[in-house]
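Undergrad: I'll drop the sequence and a predicted model, then ask my questions.
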2 protein chains.
Amino acid sequence: MHDHIVKSYDDEQRRLLDETLRMGEMAASQLEAALDVVQRRDDKAAERIIANDEAIDALEQEISHDVMKLALRGPMARDLREILAAIRVASDIERVGDYAANVAKRSTALNLSPPLPHVAGLHALGTLAVKQLRDVLSAYRDNDIELAQKVRARDAEIDTAYTGLFRELLTYMMEDARSITACTHLLFMAKNIERIGDHATNIAENVWFLVKGEELLPPREKRDDTNTTGAL
Amino acid sequence: MHDHIVKSYDDEQRRLLDETLRMGEMAASQLEAALDVVQRRDDKAAERIIANDEAIDALEQEISHDVMKLALRGPMARDLREILAAIRVASDIERVGDYAANVAKRSTALNLSPPLPHVAGLHALGTLAVKQLRDVLSAYRDNDIELAQKVRARDAEIDTAYTGLFRELLTYMMEDARSITACTHLLFMAKNIERIGDHATNIAENVWFLVKGEELLPPREKRDDTNTTGAL
């Protein structure tokens, strides 16, 4: 008998969920740390965040590997949904980690110019995204579709905050050409955070899929109009 | 007997590959069409491209569904690699479709300002990305890891072209504040295309995974330094 080395299917599946949640918390912490270094203008700390992203990437590899092993055991339909959800959620988290590292990376470029007042707006936007991430990870852990739906609905707030910040930055650039380089970095950082919000929404939709299967999702409001409105 | 309705495993897997390749070709065509409408300043055609993105999204849903069905049949290790590769490749293609639709969307915003000379540079960058996409889809179809490695190596060219365009746009914005809105759209469009290049690279890495399994990939050069260089 090998029962001391061959883990049960349930144990393995539990481990997969734990790994994915751990990966999610790492990405949320990375984003928090990135928002913090933007405010403190701390290049050394930014470098650490950028280097940490590798740990998130490694965890995604590990999760893919575990998914392979589990799928080879011939899962039932519900188990298979969990496996598929884990691989999708892990891929969303991996992207969140990239975006957080990108915010840290651009912060070091930003520190070559004088501080800009819009950093506060970026921090507020990022704080919304951190909350979205933590909430959607709880929803995923608890199979809580109500919380997942709340996260989906709240993405419109991030879009609104992003659009506001985007407009402010454009106005500022037009008034002061010397701020253009720094403002461009802030534009991309804001966009990164807005994208993190989208990934939180994707994870919310995977919670729905996990619990409800193929059942159709209710429609959702989108409010990011920065790429179509003529005013911008 | 149900052999007239129950398809063989190989048939289903072939169908999965065909669907994924079809999805890839749709995304490549969408990108080509988006590059075209940017040059022709054709808002009507841009709307069509934006609407077409739904077909790509629907195909990704279909692929996920087929992957579920196949995984439930208890595949062998190599088959499972194909299934996992298909779901990852489909997800990369879905993102490419999003970026292509985004280029089309921003083109309509761009058409509210006078034409900019940098549209030619965007077109050149996009043409590189279309080639990368088509090549990596061929590599995926033929399990051609040599071609896949070429695609990975060539991503550095896209990064270089993107960095060049980025610098030009910043300089232009500094010289003419009235161009800031339009140039910002072009900056994001260029970034979208640079990201499409990254997704082509992801697909190339999945071809490697498909053929070589867990074997480690050789290292790759990165040349996009727009988010760290002080010069920007």
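TA: That came through, no problem. Numbering: from 1, shown residues only, chains lettered A, B, ... in the order given.

Undergrad: now check the helix or strand that contains residue A:21, is it near chain B?
TA: Taking DSSP states H and E as the definition, residue A:21 sits inside helix A:9-40. No - judged by C-beta under 8 Å from any C-beta of the partner chain, helix A:9-40 stays clear of chain B, getting no closer than 12.6 Å. C-betas here are computed from N, CA, C, even on glycine.

Undergrad: so what does the helix or strand just after that helix touch, helix or strand wise?
TA: On the C-terminal side of helix A:9-40, the closest following helix or strand by DSSP H and E is helix A:43-72. If you count contacts as 3 or more C-beta pairs under 8 Å, 6 or more residues apart in numbering or on different chains; DSSP states H and E, helix A:43-72 packs onto helix A:9-40, helix A:77-110, helix B:77-110.

Undergrad: list the buried ones in the last one?
TA: What it means is helix B:77-110. Residues B:79-110 are the ones in helix B:77-110 that count as buried (16 or more other C-beta atoms under 10 Å in any protein chain shown).

Undergrad: contact partners of stretch A:149-158?
TA: Applying C-beta atoms under 8 Å, 6 or more residues apart in numbering or on different chains, the contact partners of stretch A:149-158 are A:125, A:128-129, A:132, A:135-136, A:139, A:193-194, A:197-198, A:200-201, A:203-205, A:208, A:218, A:220-223.

Undergrad: among these, which are located in helices?
TA: Mapping the contacts of stretch A:149-158 onto helices (DSSP state H) picks out A:125, A:128-129, A:132, A:135-136, A:139, A:193-194, A:197-198, A:200-201, A:203-205, A:208.

Undergrad: please name the nearest non-neighbouring residue to residue A:104.
TA: With sequence-adjacent residues excluded and distances taken as C-beta to C-beta, 6 or more residues apart in numbering or on different chains, residue A:104 is closest to residue A:49, at 3.9 Å.

Undergrad: from chain B, how far out is that neighbour?
TA: From residue A:49 across to chain B, the span is 13 Å (C-beta to the nearest C-beta, to the nearest Å).

Undergrad: that older thread, among the ones in helices among the contacts of stretch A:149-158, which ones are buried?
TA: Among the ones in helices among the contacts of stretch A:149-158, the ones that count as buried by 16+ other C-beta under 10 Å are A:125, A:128-129, A:132, A:135-136, A:139, A:193-194, A:197-198, A:200-201, A:203-205, A:208.

Undergrad: find the closest residue to chain B in chain A.
TA: Nearest to chain B in chain A, going by C-beta to the nearest C-beta, is residue A:74, at a distance of 3.6 Å.

Undergrad: ok, now which ones touch residue A:200?
TA: A:92, A:96, A:129, A:132-133, A:135-136, A:151, A:155.

Undergrad: out of those residues, which comes closest to residue A:171?
TA: residue A:129 (23.3 Å; C-beta to C-beta).

Undergrad: might one say that that closest one is in contact with residue A:195?
TA: No - counting by C-beta atoms under 8 Å, residue A:195 is not a contact partner of residue A:129; they are 9.2 Å apart.

Undergrad: now the residue nearest the centre of chain A, nearest residue through space, not along the chain?
TA: By C-alpha atoms, centre = their mean, chain A has its centre lying nearest to residue A:96, at 3.3 Å. Leaving aside its sequence neighbours, residue A:96 sits nearest to residue A:27 (C-beta to C-beta, 6+ apart; 4.3 Å).

Undergrad: that neighbour and residue A:109: what is the separation?
TA: 22 Å (C-beta to C-beta, to the nearest Å).

Undergrad: which strand or helix spans the residue lying closest to residue A:110 once chain neighbours are set aside?
TA: Among residues not flanking residue A:110 along the chain, residue A:185 sits closest, at 5.1 Å (C-beta to C-beta, 6+ apart). Assigning secondary structure by DSSP H and E places residue A:185 in helix A:180-212.

Undergrad: how about residue A:162?
TA: According to DSSP H and E, residue A:162 maps onto helix A:145-175.

Undergrad: can you pull the contacts of residue A:101?
TA: In this structure, residue A:101 makes contact with A:30, A:34, A:49-50, A:52-53, judged by C-beta under 8 Å, 6+ apart.

Undergrad: hang on, the earlier thing: what angle sits between the helix holding residue A:185 and helix B:180-212?
TA: If you take axes from the mean of the first three to the mean of the last three C-alpha atoms, to 10 degrees, helix A:180-212 sits at 50 degrees to helix B:180-212.

Undergrad: quick one: mean pLDDT over helix A:180-212.
TA: In this model, helix A:180-212 has an average pLDDT of 95.

Undergrad: again, but for stretch A:128-140
TA: Averaging pLDDT along stretch A:128-140 gives 97.

Undergrad: likewise stretch A:61-77?
TA: 82.

Undergrad: residue A:190 is in contact with residue A:169, isn't it?
TA: Yes - contact between residue A:190 and residue A:169 holds when scored by C-beta under 8 Å: they sit 7.4 Å apart.

Undergrad: what's the helix or strand for residue A:123?
TA: Residue A:123 is part of helix A:119-142 when elements are defined by DSSP H and E.

Undergrad: which other helices and strands does that helix contact?
TA: With contacts taken as 3+ C-beta pairs under 8 Å, 6+ apart, helix A:119-142 sits against helix A:9-40, helix A:77-110, helix A:145-175, helix A:180-212.

Undergrad: looking at the ones you listed, which is closest to residue B:179?
TA: helix A:145-175 (9.9 Å).

Undergrad: burial of residue A:48, as a residue count?
TA: 13 (other C-beta atoms under 10 Å in any protein chain shown).

Undergrad: please name the residues that touch residue A:182.
TA: Shown in contact with residue A:182 (C-beta under 8 Å, 6+ apart): A:110, A:113-114, A:116.

Undergrad: just the residues you listed: which are in helices?
TA: Within those, residues falling in helices by DSSP H are residue A:110.

Undergrad: okay, the contacts of residue A:182 in a markdown table with pLDDT next?
TA: Listed next are the contacts of residue A:182 as a markdown table, based on pLDDT from 0 to 100:
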| residue | pLDDT |
| --- | --- |
| A:110 | 93 |
| A:113 | 92 |
| A:114 | 92 |
| A:116 | 93 |
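
Undergrad: filter the contacts of residue A:182 to the buried ones?
TA: Buried by 16+ other C-beta under 10 Å: A:110, A:116, out of those.

Undergrad: and the furthest pair within the contacts of residue A:182?
TA: Greatest spatial distance in the contacts of residue A:182: A:110 and A:114, 9.9 Å, computed using C-beta to C-beta.
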